[in-house]
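> structure for this input, please:
(4 chains)
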Number of protein chains: 4
Amino acid sequence: MTTETARLEAFSDGVFAIAITLLILEIKIPGYDSELKTQLLRQWPSYLGFFISFAFIGIMWVNHHRLFTHIKKTDDVLLLLNLALMFGVCVIPFTTALLAAHLGHPGARTAVVVYNAAYFGIAVFFSVLWRYAASRNGHLLAGNVDRDAVDKIMKQYNYGPLAYAMAIALAWINIPASLLINLVLAGFFAVPPHYASKTVPGHKAPAT
Amino acid sequence: MTTETARLEAFSDGVFAIAITLLILEIKIPGYDSELKTQLLRQWPSYLGFFISFAFIGIMWVNHHRLFTHIKKTDDVLLLLNLALMFGVCVIPFTTALLAAHLGHPGARTAVVVYNAAYFGIAVFFSVLWRYAASRNGHLLAGNVDRDAVDKIMKQYNYGPLAYAMAIALAWINIPASLLINLVLAGFFAVPPHYASKTVPGHKAPAT
Amino acid sequence: MTTETARLEAFSDGVFAIAITLLILEIKIPGYDSELKTQLLRQWPSYLGFFISFAFIGIMWVNHHRLFTHIKKTDDVLLLLNLALMFGVCVIPFTTALLAAHLGHPGARTAVVVYNAAYFGIAVFFSVLWRYAASRNGHLLAGNVDRDAVDKIMKQYNYGPLAYAMAIALAWINIPASLLINLVLAGFFAVPPHYASKTVPGHKAPAT
Amino acid sequence: MTTETARLEAFSDGVFAIAITLLILEIKIPGYDSELKTQLLRQWPSYLGFFISFAFIGIMWVNHHRLFTHIKKTDDVLLLLNLALMFGVCVIPFTTALLAAHLGHPGARTAVVVYNAAYFGIAVFFSVLWRYAASRNGHLLAGNVDRDAVDKIMKQYNYGPLAYAMAIALAWINIPASLLINLVLAGFFAVPPHYASKTVPGHKAPAT
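Numbers count the residues shown, from 1 in each chain, chains lettered A, B, ... in the order given. I've put the predicted structure just below:
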C-alpha cells in the first residue's frame, strides 16, 4: 500500500473543497429595498448556477477519487497534468458567477459558451491524465489493476470532450438546450463507468 | 485498518474547515462615521449568527467524525450522499449572512425559515447517510462495530428532521423561539449518542 | 502508532491554513488616484497587521503541532476544546482587519483591545486543552510521553493568559506598548518550551 | 516510513491549495454596461496574471513536494523556515491582483517590482530551507537519500535568487522583459533538477 500519491490527493482535495465552498460567496445577500422573499426568489439564476456547479465539482471529485484508487505512482508529468486539471477546477467559481450574472441578459450566450468551455477543458485534461497513467501498460497504476475497469473509464472519458464541444456549439442555437446537455453530462459522469458502458454490446467483465 | 474512507474524510474536512472559516468574512469592519465601540456593539446580530453557525458547523464536524469512526468502506452511493451533506454545509455561510442581515428587520421571518431549512436538509442527509451505511447488516461499517452504538446514533438522528421541521413552523408564531430550538438542537447533537439516549428506559449496553 | 487524532489534526490544519491565507484579502489593491508607490507605502498598518497575524497564526500552528506530537487519543471533550481553540483562530482575520483599519484613527484603542482579547481567549483555550489532555496521569497522551516535556509546556502556557491580560490593560495607557507585548509573546511561544523554561533554576531533564 | 513531516505537508498543501484557488476571486465579473464579449476580452491582464500566478504556485507546490520526498524529519527551525516560505505563497494573490490592476497603467513598474520581489523572497526561502535540511550531512533527510539528487536540487536553487534579482532590476529598463524572465524561471523550476543540471559537464549519477 504505497502512499506516493498521498500529497497529490491532499492538494487536490484542498482545491476541490475550496472551489466548491467558494461558490456560495457568489450568491448575494439581498438588501432592504423590497420584500425579502421576492428578492430571494428573483435570484433563481444564482441558485441554479450554484447547484449545477456544486454538482459538477462534486462529480469531478468523485471521478478524481475513482482514478486515484487505480493510480498508485506519480511522476513529474502526472503532477503537471493534475495541475492542469486543478486549473480547470479553479476556474469554475468564475464561470459560474459569470453565468449567474448574465443568464437572462444580453450577454447570456457569451456566458454559456465560457461556462461550457471550462468543462470542455476539464474533460480534455481528465482524459489525457488517465491516458497517460494507463499508458505503457499502466506504468502508474496499481500492479494488480483490473484492466477491464481501466478500459471502461477510458471509454467513458472519450465521450466527454466531444459532448462538451457539442454543448458549446449548441449555445448559438439554443441556450437552455446547451445548459441541459451540461446537466445530462453531470449525470453521465456521476454514475460508475461500468454502468455508463453497460449498453456497449458484447462486453463482458473478466473473471478476475 | 483500512484507509478506504481517507479521501472522503479529507475532502469533507476541507469543506468543513473552509465553511467554518468563511463565516468570519460576513462580519463587516466598521468605518469611521461614529465611535468604533458603538458600531461594534450594534453588530450583535452578526456575532450571534457567527457564533451559532460556528458552533453548528463544529458540531456537524464532530458528528461526521463520529460516524466515520464506524464507517470503514465506501461505495458510489455513499460518496454521493456525503456530497449532498457537504452541499448543506456549504450553504450555511449564506444562510448565516442572510440571518445576520435581516434579524430585527421586516424580512426576519423569511431569513429564519431559510436558516432553519438548511439545517433541516442537513439533518435529513445525516440520517439517510447513516441509515445507508448501517443497512444490509452494516455493509459499510467496521467488521467489529458495536451494534448498540450504531442503534443509538440512529435513534438520536431520528429526532433531527422532526425537530428542525418544528423550528421552521415555529418561525411563523415566534421568531426567537424558532432560533432557540436551533440552539437546543446544537447541544443535543454535541453530546455523544449514549448520553442523548440515556433517558430511554430499559436500555442496556451489551457486554462487548 | 495510533491515528486516532488524524482527523482532528486534518481539520485543524485546514482551519489554520485558511485563516492564515485569508489575511491577505484584507490588504486593499490601490486605485489610480495618486502614485502607486505612495499609496502602497501609506498602507503600512495593513502590512504590519498582516505580518503580526501571520506570525501569530503560524506560531499557533507550531504550538498545536507540538501538543499533538504528545496527544495520541481523543474524546468528545477534547474535540470540543479543540473547536473552541479553532473559534479563536477563525476570529483573527476579523480582528486583524479591524486593527489595520483603525490603527492611527480615533478607534485605535478599541481595536487594540479587541485584537488582544482574541489572543487572550486563544491562550486560555490552549492552556485548558493541554491541561485536560495531560490530566488524570496524561490519559490522552502517548504511553511513553516525556513527563518533563509535558510540565515544561504547562509552565510556558501558564504565562499566556496573564501576559495577554496585561497587554489588554496596557492599551488604555499606551497603544504601541500593548502591541509590542503581543510581538514579544509571539517570540516567547515560537521557541520550544525547554528553551522558554531554561531560566527556571534547579530544573533537570529526567534520564528517560 | 516515518510520518513526522505529515502535518507540515498537510498544512502546506492547505496553504498552496487556498492561495491557488483564491487567485480566481481577483477576476471581476463584468457588468451590463457594454457587450459582455468586449468586456471579457478587455480583462486580459487579469487572465495573464491569473495564469502566471497559478502556474507559479503550482510549480512551487511541485518543488515543495519534491523536497519533502527527501526530507523525512522535522525540527523547530524547519517548521519556522517552512512558515516563512508559506508567507511568500500567501502574498502571491495580493501581488497578482496588484499586477493585474496596474499593468498598462502608470504604476506598472512599481507593480512589477513588487510582483518579482515576492518571488525573490520565495526563491531565497526555498534555498535556505533546503540548505538547512541538507546541512550537517543531511540531518533531516531520509537515511538512504541520493546525495547526487540533493546536490542537483541545491545547484538549481542557487540560480533562483540571482535570477529574480535580475528580473527586479530589469523592471526599470523594460517591463515586459522583466515579466518574461519570470515565465522562463517558472519553466526552469518546473523541470526536475536532473534535467535542469544536465548541461553541467562531467556530472554522472552514482550507481546507487
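> wait, A:A100 sits on A:S46?
Yes: counting by CB atoms under 8 Å, A:A100 touches A:S46, with 4.4 Å between them. Placement of C-beta: from N, CA and C, glycine included.
> joint contacts of these two?
Counting by CB atoms under 8 Å, 6 or more residues apart in numbering or on different chains, the common neighbours of A:A100 and A:S46 are A:E26, A:I27.
> ok, those two, which is more surrounded?
A:A100 (26 against 22; other CB atoms under 10 Å in any protein chain shown).
> is any residue of the helix or strand harbouring that one near chain D?
Here A:A100, judged by DSSP states H and E, is contained in helix A:76-102. Yes: Helix A:76-102 lies within reach of chain D by CB under 8 Å from any CB of the partner chain, at A:76, A:79-80, A:83, A:86-87, A:90-91, A:93-94, A:97-98, A:101-102.
> what comes up buried for that helix?
A:78-102 (16 or more other CB atoms under 10 Å in any protein chain shown).
> quick one: mean pLDDT over that helix.
The pLDDT scores in helix A:76-102 average 90.
> give me the distance between that helix and the centre of its chain.
9 Å (CA atoms, centre = their mean, to the nearest Å).
> is that helix in proximity to chain C?
No: judged by CB under 8 Å from any CB, helix A:76-102 makes no contact with chain C; its nearest approach is 14.1 Å.
> which elements pack onto that helix?
Helices and strands touching helix A:76-102, by 3 or more CB pairs under 8 Å, 6 or more residues apart in numbering or on different chains; DSSP states H and E, are helix A:6-22, helix A:44-67, helix A:108-138, helix D:6-22, helix D:44-67.
> nearest to chain C, of those?
Chain C lies closest to helix D:6-22 among those, at 2.9 Å (CB to the nearest CB).
> do the closest one and chain A meet at all?
Yes: residues of helix D:6-22 are located near chain A by CB under 8 Å from any CB, namely D:E9, D:A10, D:D13, D:G14, D:F16, D:A17, D:I18, D:I20, D:T21, D:L22.
> hmm, the fifth one is touching D:G88, no?
No: using CB under 8 Å, D:F16 and D:G88 do not qualify as a contacting pair, with a distance of 11.3 Å.
> could you pull up the residues touching A:L83?
Contacts of A:L83 by CB under 8 Å, 6+ apart are D:G58, D:W61, D:V62.
> please read the previous query as pertaining to A:E26.
Contacts of A:E26 by CB under 8 Å, 6+ apart are A:S46, A:G49, A:F50, A:P93, A:T96, A:A97, A:A100.
> can you count the residues close to the third one?
Yep, that's A:F50 we're talking about. A:F50: 22 neighbours (other CB under 10 Å).
> for chain B, see how far away it is.
Counting by CB to the nearest CB, to the nearest Å, the gap from A:F50 to chain B is 9 Å.
> same deal with the second one?
Distance, A:G49 to chain B, using CB to the nearest CB: 13 Å.
> nearest residue to that residue other than its sequence neighbours?
In space, A:G49 comes closest to A:A100 once its chain neighbours are excluded; the distance is 3.8 Å by CB to CB, 6 or more residues apart in numbering or on different chains.
> repeat for the fourth one
Of all residues beyond its chain neighbours, the one nearest A:P93 is A:L22 (4.7 Å), with distances taken as CB to CB, 6+ apart.
> ok, back up a step: which of the contacts of A:L83 are close to chain A?
D:G58, D:W61, D:V62.
> now those residues as a markdown table including neighbour count?
Putting these into a markdown table (neighbours: other CB atoms under 10 Å in any protein chain shown) gives the following:
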| residue | neighbour count |
| --- | --- |
| D:G58 | 22 |
| D:W61 | 24 |
| D:V62 | 21 |
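> of these, closest to D:A177?
Taking CB to CB as the measure, D:A177 sits nearest to D:G58 out of those, at 23.5 Å.
> wait, that closest one touches A:M86, no?
Yes: contact criterion CB under 8 Å: D:G58 and A:M86 qualify, at 7.4 Å.
> between those two, which contacts overlap?
Residues touching both D:G58 and A:M86 (CB under 8 Å, 6+ apart) are D:I20.
> dump the helices and strands packed on helix A:76-102 to JSON lines, plus mean pLDDT.
As requested, the helices and strands packed on helix A:76-102 are arranged in JSON lines below (pLDDT from 0 to 100):
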{"stretch": "helix A:6-22", "mean pLDDT": "90"}
{"stretch": "helix A:44-67", "mean pLDDT": "88"}
{"stretch": "helix A:108-138", "mean pLDDT": "90"}
{"stretch": "helix D:6-22", "mean pLDDT": "90"}
{"stretch": "helix D:44-67", "mean pLDDT": "88"}
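> for those, which one sits closest to B:N182?
Closest approach to B:N182 among the helices and strands packed on helix A:76-102 (CB to CB): helix A:6-22, 21.9 Å.
> so that closest one versus helix D:44-67, what angle?
150 degrees (axes from the mean of the first three to the mean of the last three CA atoms, to 10 degrees).
> could you name the helices and strands sitting against helix A:6-22?
Secondary-structure packing of helix A:6-22 (3+ CB pairs under 8 Å, 6+ apart): helix A:44-67, helix A:76-102, helix B:6-22, helix B:76-102, helix C:6-22, helix D:6-22, helix D:44-67.
> quick one, phi/psi of the closest residue to A:V113 other than its chain neighbours?
Closest residue in space to A:V113, ignoring its immediate chain neighbours: A:A171 at 5.0 Å, by CB to CB, 6+ apart. The phi/psi pair for A:A171 (degrees, to the nearest 10) reads phi -60, psi -30.
> measure A:A171 to C:E26 for me?
39 Å (CB to CB, to the nearest Å).
> what sits against the most centrally placed residue in chain A?
By CA atoms, centre = their mean, chain A has its centre lying nearest to A:M60, at 4.0 Å. Contact analysis of A:M60 by CB under 8 Å, 6+ apart lists A:F16, A:V89, A:I122, A:F126, A:F189.
> ok, A:E4 next?
Applying CB under 8 Å, 6+ apart to A:E4 gives the contacts A:K72, A:K73, A:T74.
> how about the residues of chain A near chain D?
A:3, A:7-8, A:10-11, A:13-15, A:17-19, A:22, A:25, A:76, A:79-80, A:83, A:86-87, A:90-91, A:93-94, A:97-98, A:101-102, A:105-107, A:110-111, A:114.
> and if we set it to 6 Å?
Counting by CB under 6 Å from any CB of the partner chain, the residues of chain A close to chain D are A:7, A:10-11, A:14-15, A:18-19, A:76, A:79, A:83, A:87, A:90, A:93-94, A:97-98, A:101, A:107, A:110.
> does A:V145 really touch A:I71, like I thought?
No: with contact defined as CB atoms under 6 Å, A:V145 does not reach A:I71; the gap is 9.1 Å.
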